[in-house]
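A.B. asks: Dropping a prediction and its sequence here:
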Amino acid sequence: MVIIKWLIVFYLGLSPLSAWVYRKQMPKWLQVLYACPLLLCLFLWQTSWGFLLGLALACGVRVLGGLLIFGENHLSHFLSHLAVSLVLALGLFMF
(Lines give C-alpha, C1' and ligand atoms only; values in the text may rest on other atoms or scores of the structure.)
Protein backbone atom coordinates (compact mmCIF):
# COMPACT_ATOMS: atom_id res chain seq x y z
CA MET A 1 0.00 0.00 0.00
CA VAL A 2 2.87 2.36 0.71
CA ILE A 3 4.20 1.91 -2.82
CA ILE A 4 0.81 2.83 -4.30
CA LYS A 5 0.65 5.89 -2.04
CA TRP A 6 4.09 7.01 -3.20
CA LEU A 7 3.06 6.54 -6.83
CA ILE A 8 0.04 8.76 -6.22
CA VAL A 9 2.22 11.40 -4.53
CA PHE A 10 4.59 11.29 -7.49
CA TYR A 11 1.71 11.56 -9.97
CA LEU A 12 0.14 14.46 -8.07
CA GLY A 13 3.55 16.07 -7.76
CA LEU A 14 3.60 16.50 -11.53
CA SER A 15 0.74 19.03 -11.31
CA PRO A 16 2.80 21.78 -9.62
CA LEU A 17 5.59 21.02 -12.08
CA SER A 18 3.27 21.59 -15.04
CA ALA A 19 2.01 24.77 -13.37
CA TRP A 20 5.60 25.97 -13.18
CA VAL A 21 6.14 25.20 -16.88
CA TYR A 22 3.05 27.23 -17.86
CA ARG A 23 3.57 29.94 -15.21
CA LYS A 24 3.66 32.76 -17.79
CA GLN A 25 0.25 31.79 -19.20
CA MET A 26 -1.46 30.92 -15.93
CA PRO A 27 -2.99 33.24 -13.34
CA LYS A 28 -1.45 33.06 -9.88
CA TRP A 29 -4.57 31.64 -8.24
CA LEU A 30 -4.55 28.72 -10.68
CA GLN A 31 -0.90 28.01 -9.89
CA VAL A 32 -1.84 27.72 -6.22
CA LEU A 33 -4.79 25.51 -7.12
CA TYR A 34 -2.47 23.13 -8.97
CA ALA A 35 -0.60 22.46 -5.70
CA CYS A 36 -3.77 21.70 -3.70
CA PRO A 37 -4.22 18.01 -4.72
CA LEU A 38 -0.68 17.20 -3.63
CA LEU A 39 -1.04 19.09 -0.36
CA LEU A 40 -4.38 17.40 0.37
CA CYS A 41 -2.81 14.03 -0.26
CA LEU A 42 0.15 14.75 2.01
CA PHE A 43 -1.98 16.16 4.84
CA LEU A 44 -4.29 13.15 4.81
CA TRP A 45 -1.50 10.59 4.36
CA GLN A 46 -2.95 8.10 6.86
CA THR A 47 -6.33 7.73 5.12
CA SER A 48 -7.20 6.48 1.66
CA TRP A 49 -9.80 9.25 1.32
CA GLY A 50 -7.10 11.89 1.15
CA PHE A 51 -5.62 10.19 -1.88
CA LEU A 52 -9.00 9.72 -3.56
CA LEU A 53 -9.95 13.35 -2.99
CA GLY A 54 -6.54 14.44 -4.25
CA LEU A 55 -6.94 12.41 -7.45
CA ALA A 56 -10.45 13.76 -8.05
CA LEU A 57 -9.34 17.35 -7.39
CA ALA A 58 -6.38 16.90 -9.74
CA CYS A 59 -8.69 15.90 -12.60
CA GLY A 60 -10.86 18.95 -12.00
CA VAL A 61 -7.91 21.31 -11.78
CA ARG A 62 -6.48 19.98 -15.02
CA VAL A 63 -9.78 20.53 -16.81
CA LEU A 64 -9.92 24.12 -15.53
CA GLY A 65 -6.29 24.70 -16.42
CA GLY A 66 -6.78 23.36 -19.93
CA LEU A 67 -9.74 25.66 -20.45
CA LEU A 68 -7.88 28.74 -19.22
CA ILE A 69 -4.51 28.11 -20.86
CA PHE A 70 -5.46 26.60 -24.20
CA GLY A 71 -8.99 28.00 -24.56
CA GLU A 72 -10.39 24.53 -25.02
CA ASN A 73 -10.32 21.26 -23.21
CA HIS A 74 -8.86 18.30 -25.02
CA LEU A 75 -11.09 15.38 -24.08
CA SER A 76 -8.39 12.80 -24.77
CA HIS A 77 -5.99 14.56 -22.41
CA PHE A 78 -8.59 14.69 -19.66
CA LEU A 79 -9.54 11.04 -20.20
CA SER A 80 -5.91 9.97 -19.93
CA HIS A 81 -5.61 11.72 -16.56
CA LEU A 82 -8.91 10.19 -15.48
CA ALA A 83 -7.73 6.71 -16.50
CA VAL A 84 -4.45 7.06 -14.59
CA SER A 85 -6.36 8.35 -11.55
CA LEU A 86 -8.78 5.43 -11.66
CA VAL A 87 -5.97 2.88 -11.98
CA LEU A 88 -4.16 4.41 -9.01
CA ALA A 89 -7.37 4.53 -6.96
CA LEU A 90 -8.11 0.89 -7.73
CA GLY A 91 -4.56 -0.02 -6.82
CA LEU A 92 -5.00 1.78 -3.53
CA PHE A 93 -8.01 -0.32 -2.64
CA MET A 94 -6.62 -3.60 -3.92
CA PHE A 95 -3.57 -3.51 -1.66
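C.D. replies: Looks like it arrived, so ask away.
A.B. asks: Off-centre distance for the lengthiest helix in the chain?
C.D. replies: Across the chain, the longest stretch assigned as helix under DSSP state H is helix 48-70. Relative to the centre of its chain, helix 48-70 is centred 5 Å away, using C-alpha atoms, centre = their mean, to the nearest Å.
A.B. asks: Give me the most central residue, the protein.
C.D. replies: Of all residues in the chain, the one closest to the mean position by C-alpha atoms, centre = their mean is Ala58, 2.8 Å from it.
A.B. asks: residues contacting it?
C.D. replies: Tyr11, Leu12, Ser15, Pro37, His81, Ser85 (C-beta atoms under 8 Å, 6 or more residues apart in numbering). The way it works is simple: take the backbone N, C-alpha and C, and place the C-beta from them, glycine included.
A.B. asks: does the residue lying closest to it once chain neighbours are set aside sit in a helix or strand, and which one?
C.D. replies: Leaving aside its sequence neighbours, Ala58 sits nearest to Pro37 (C-beta to C-beta, 6 or more residues apart in numbering; 4.0 Å). Using DSSP states H and E, Pro37 maps to helix 28-43.
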